[in-house]
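Participant: need coordinates for the following:
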Amino acid sequence: MNSDEETNYRSFVDAQAHSLRRLAYLTCGDWQLAEDAVFTALAKLYTRWRRVDRPESYTRSMVVRAAIDEGRRPWWRREQPAGHGIPERAVPDRTHEVDERLRIHAALGQLPRRRRAVLVLRYFEGLTVQETAEALDCPEATVKSHTTRGLRTLRELLGADADLPAGESDEEARYARYA
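Facilitator: Numbering: from 1, shown residues only. Predicted coordinates for the structure are as follows:
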């Protein structure tokens, strides 16, 4: 890699690292696993930097896949951080917005990893159905199905007062019949 490419890569990492880390965390629910997923994806991107046309979508896809794969590893092969034995000190936040985000995050944690990944990509990252399907390497119908079922589950978990997206409109009704 020449110095211009190296500079471009470093600029890209500086600009995207924070959002990629958040994306990985929302996908897997663990900050350590999220960081591992981001570092793994960025290391792979470094070796492929010259050949990648769209580094944002390529890296986003790699991060989501790495976060999903990390959760699939058997428990005995995962590293156990020392921090799990130390209880976290709860700091209450009195704002409604933070409480709502925490409720949604907890509800997302109850969804299967693929559905959670679809919802995070669709509504947190703002990707289209097609972009989400590309990122997860699955058919668009699968993305729509996971979106519909995931939103339905979130509504059940969060109650009627939850401020959730409408879903896939008439697609949602069509899939609901078969669920």
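Participant: how about the residue nearest the centre of the chain: what's its closest non-neighbour residue?
Facilitator: Nearest to the geometric centre of the chain sits T27, at 3.2 Å (CA atoms, centre = their mean). Nearest residue to T27, sequence neighbours excluded (CB to CB, 6 or more residues apart in numbering): A67, at 4.1 Å. Just so you know, the C-beta spots here come from the backbone N, C-alpha and C atoms, and that holds for glycine as well.
Participant: now do the phi/psi pair for the one you found.
Facilitator: A67 adopts backbone torsions of phi -70, psi -40, taken as degrees, to the nearest 10.
Participant: and the closest residue to L119 other than its chain neighbours, how close does it get to I104?
Facilitator: For L119, ignoring the flanking residues on the chain, the nearest one in space by CB to CB, 6+ apart is G150 at 4.8 Å. Between G150 and I104 the computed distance is 12 Å (CB to CB, to the nearest Å).
Participant: so which of those two has more stuff around it?
Facilitator: G150 (25 against 19; other CB atoms under 10 Å).
Participant: so that one is in contact with R114, correct?
Facilitator: No. Contact between G150 and R114 fails when scored by CB atoms under 8 Å: they sit 9.1 Å apart.
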